[in-house]
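> Got a predicted structure here, sequence first:
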Amino acid sequence: MRGPFTPLKRLLLASIVCVLGAAALVYVIDPLQLFRPSRLAFYSDDTRVQNAGLIRSQSFDTVFMGTSLAIHFRQSEIDRVLGVHSLKLAMTGSNSRQQSFVLEQAIDRGARRVIWEMDDFIFVDAADIESDPYLSVDLYRKTAKGIASYLFSAAMAKEALFTLLRSTPLLGEPLTRATPYLPVKFALSDVDDIYALPRNFDVARDYNASKARASFAYITAPSRSRFLGEGYGYDAMVRHFEQDAVGLITRHPDVTFDIYLPPYSILQFVAMRDASPETLKIVMDLTAVIAQRLTQLPNVRLHDFRAIKAVTHDLANYGDVIHHSPVVDAKVLRWLASGQYRVDPSKPLASLDELKAQVQAYRVPQP
């Protein structure tokens, strides 16, 4: 009677062996470097996952956090200009819950300075970090659930196999050339290249006044202007600011926080002024709270870059109404190093008042 079940048992046994073999491959190669630094390391632009490994495998004294407005900075430039040993953890589209959680992990691993690009949209209401579908807290915490999800992931097994093959002398060069066309995530050989623009990137092609004006026309069109205020709610945003930003900062009084408000183009605020004035009021009121609260915390230096007219009114610096070019990235690092635009704790609303005046006076150039 046992004969007919033999093929099934063999199939089951073979499946178990394959699954355990794949898990062993992930553990040994460790593409995320979750268990140990690796000489075979390759990196991914999937920052919500990659950051869990970077925090475990890299050495650093400073972390750089932000959204897509901070994603293209290179660690080497941050280190050179600011004289630090940095780890870039910026995540596109991230909210304050995600950022605060990831920063807490990095601080626990030894970061003594945080450079934090803080824009208003990160404080919109979103899922609690424990139930966030886009960021695995168990992976960062290395719980049994997180480790199991990593070791028994078919996607990670594929990445581990690719890493192994790419590291062999015979296949390394052809696989490196083919990488852009292959369905793999861990393809970058240098941590400095994570979500960084190529060094030969054509800045003028992707950042120019025509793109900025086109973006302004798009977001202020009557059929789309309602989206300018999507997710903006003053009470919820203040609550998340207090919980995620102020809470993190006050829990770590020995860590220095350099927080900066990024240089949006003037068109971002003018779009709100013309098409969604209630949203503009929320942003300005929230900024007032941020400025007044952060300038009173002894371990915070707040920098406001939003009223630097020479940059924010020059639309050639932008790819849309928000995202600035690598040329401005370099300026941001110099401003942070010099402290030129640090908010004076005795006059926390001065730069905000200047921004308000600029927004009120600005007239959109006609094409």
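Noted; the coordinates are in hand.
> which stretches of this structure have low pLDDT?
Within the chain, the ranges that satisfy pLDDT under 70 run 1-5, 367.
> For it, which segments are assigned as strands?
Assigned by DSSP state E, the chain shows strands spanning 62-65, 86-88, 113-117, 256-261, 300-304.
> The third one pairs with which strands, and in what direction?
Each strand that strand 113-117 pairs with, and the sense of that pairing, follows from DSSP bridges: strand 62-65 (parallel), strand 256-261 (parallel).
> Turn the ones you listed into TSV, columns for mean neighbour count.
For every residue, glycine as well, the C-beta is placed using N, CA and C. As requested, the strands paired with strand 113-117 are exported to TSV (neighbours: other CB atoms under 10 Å):
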stretch	mean neighbour count
strand 62-65	26
strand 256-261	21
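> Would you format the ones you listed as TSV with distance to Thr179 included?
Below are those laid out as TSV (distance: least, CB to CB, whole Å):
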stretch	distance to Thr179
strand 62-65	26
strand 256-261	34
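> burial measure for Ala221, as a count.
10 (other CB atoms under 10 Å).
> what's the answer for Leu197, then?
Per other CB under 10 Å, the neighbour tally for Leu197 reads 17.
> Who are the contact partners of it?
Applying CB atoms under 8 Å, 6 or more residues apart in numbering to Leu197 gives the contacts His72, Pro326.
> Tell me which of the strands of the chain sits nearest to Ala22.
Proximity to Ala22 (CB to CB) singles out strand 86-88 among these, at 29.5 Å.
> same for that closest one, what does it pack against?
The contact analysis (3 or more CB pairs under 8 Å, 6 or more residues apart in numbering; DSSP states H and E) places strand 86-88 against strand 62-65, helix 75-82.
> Of the strands paired with strand 113-117, which is nearest Gly53?
Across the strands paired with strand 113-117, closest to Gly53 is strand 62-65 (CB to CB), at 14.3 Å.
> Just the residues contacting the closest one, thanks.
70, 73, 75, 78, 82, 84-90, 99, 102-103, 106-107, 111-117.
> could you redo the last one with a cut-off of 6 Å?
By CB atoms under 6 Å, 6 or more residues apart in numbering, the surrounding residues in contact with strand 62-65 are 78, 84, 86-89, 99, 103, 106, 111, 113-116.
> Next: stretch 51-60.
If you take CB under 6 Å, 6+ apart as the criterion, stretch 51-60 is touched by 32-34, 37, 85, 87, 89, 102, 105-106, 109, 139-140.
> Return the set of buried residues in that stretch.
For stretch 51-60, a neighbour-count test (16 or more other CB atoms under 10 Å) marks Asn51, Ala52, Gly53, Leu54, Ile55, Arg56, Ser57, Gln58, Phe60 as buried.
> possible to save those residues as TSV with distance to Arg226?
Converted to TSV, the buried residues of stretch 51-60 look like this (distance: CB to CB, whole Å):
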residue	distance to Arg226
Asn51	33
Ala52	37
Gly53	40
Leu54	38
Ile55	39
Arg56	43
Ser57	44
Gln58	43
Phe60	42
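> which ones are touching Arg177?
Contacts of Arg177 by CB under 6 Å, 6+ apart: none found.
> For my notes, please list the helices and strands packed on strand 86-88 in a markdown table and give distance to Asn200 for each entry.
Output for these, formatted as a markdown table (distance: least, CB to CB, whole Å):
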| stretch | distance to Asn200 |
| --- | --- |
| strand 62-65 | 23 |
| helix 75-82 | 16 |
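> how about these, which one is nearest Arg166?
Arg166 lies closest to helix 75-82 among the helices and strands packed on strand 86-88, at 22.5 Å (CB to CB).
> Good, we can wrap up now.
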